[in-house]
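S.K.: Sequence first, predicted model second:
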Amino acid sequence: MIWFTADEHYGHTNIIKYCNRPFSSIEEMDKTIIDNFNAKVKSGDAVYHLGDFTLKEYERAKEYMHKLNGCHFFIIGSHDKWIVEGGECRGTYLKEIKENGKVIVLCHYAMRVWPKSHYGSWHLYGHSHGKLLSYGLSYDVGVDNNNFFPVSFDEIKEKMKTMEIADVGRI
């Protein structure tokens, strides 16, 4: 199984206020997001974190990773200096994957056009915390937009059935 998520902001106290998250403390927020994650993701599943995993340093990021099921792949977001500093966990700013024959472009930031967008590829992103409308076949997989749960490939596939390819990029 393959999963996508973004903007967990583990250990980031101010995110509760900034995003009006329904938690009274950072401990409650972290526990809820970890419990929700592990309720869906199994140990052999692949998980793409599309940025802003944590503001903490590399060693603290590893502590969070060890609490989560699955095999983790990281897209670098605006608060992910730990990926670059840590060395062991490599990340990238943009990644194109293929799942069940579908091209999926992963980036922390939303794009208006992306590789193969005019051919029906999907674009998954975070950063906007559920405040940016999808455009074309794009979707915000951030926790704020998905009741603090990760989103499966199958769930995204169902969402994409209601969306249309944007009529741009056909040059």
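M.R.: In hand now; what should we look at?
S.K.: in this protein, what spans have low per-residue confidence?
M.R.: Applying pLDDT under 70 to the chain flags residues 86-89, 167-171.
S.K.: And the helices in this protein?
M.R.: Per DSSP state H, the chain carries helices over the ranges 14-18, 26-40, 58-67, 81-86, 153-160.
S.K.: out of those, nearest to residue 145?
M.R.: The stretch from these with the least distance to residue 145 (Cβ to Cβ) is helix 153-160; that distance is 10.8 Å. Every C-beta, even on glycine, is put in place using the N, C-alpha and C of the backbone.
S.K.: Next, the buried residues of that closest one.
M.R.: Within helix 153-160, the residues scored as buried using 16 or more other Cβ atoms under 10 Å are 153, 155, 156, 160.
S.K.: returning to what we had before: a markdown table for the helices of the chain, including distance to residue 105?
M.R.: Formatted as a markdown table, the helices of the chain follow (distance: least, Cβ to Cβ, whole Å):
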| stretch | distance to residue 105 |
| --- | --- |
| helix 14-18 | 26 |
| helix 26-40 | 23 |
| helix 58-67 | 24 |
| helix 81-86 | 19 |
| helix 153-160 | 13 |
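S.K.: which one of the ones you listed lies closest to residue 115?
M.R.: Residue 115 lies closest, by Cβ to Cβ, to one member of the helices of the chain: helix 153-160, at 16.3 Å.
S.K.: I'd like to know which elements the closest one is packed against.
M.R.: strand 2-5, strand 122-125, strand 138-140 (3 or more Cβ pairs under 8 Å, 6 or more residues apart in numbering; DSSP states H and E).
S.K.: The first one: partners in the sheet, and parallel or antiparallel?
M.R.: Strand pairing for strand 2-5, determined by DSSP bridges: strand 46-50 (parallel), strand 151-152 (antiparallel).
S.K.: Any chance of those in CSV with distance to residue 126 and mean neighbour count as columns?
M.R.: Formatted as CSV, these follow (distance: least, Cβ to Cβ, whole Å; neighbours: other Cβ atoms under 10 Å):
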stretch, distance to residue 126, mean neighbour count
strand 46-50, 4, 23
strand 151-152, 11, 19
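S.K.: what about these, which gets the closest to residue 128?
M.R.: Sorting the strands paired with strand 2-5 by Cβ to Cβ, the top spot, which is the nearest, belongs to strand 46-50 at 11.1 Å.
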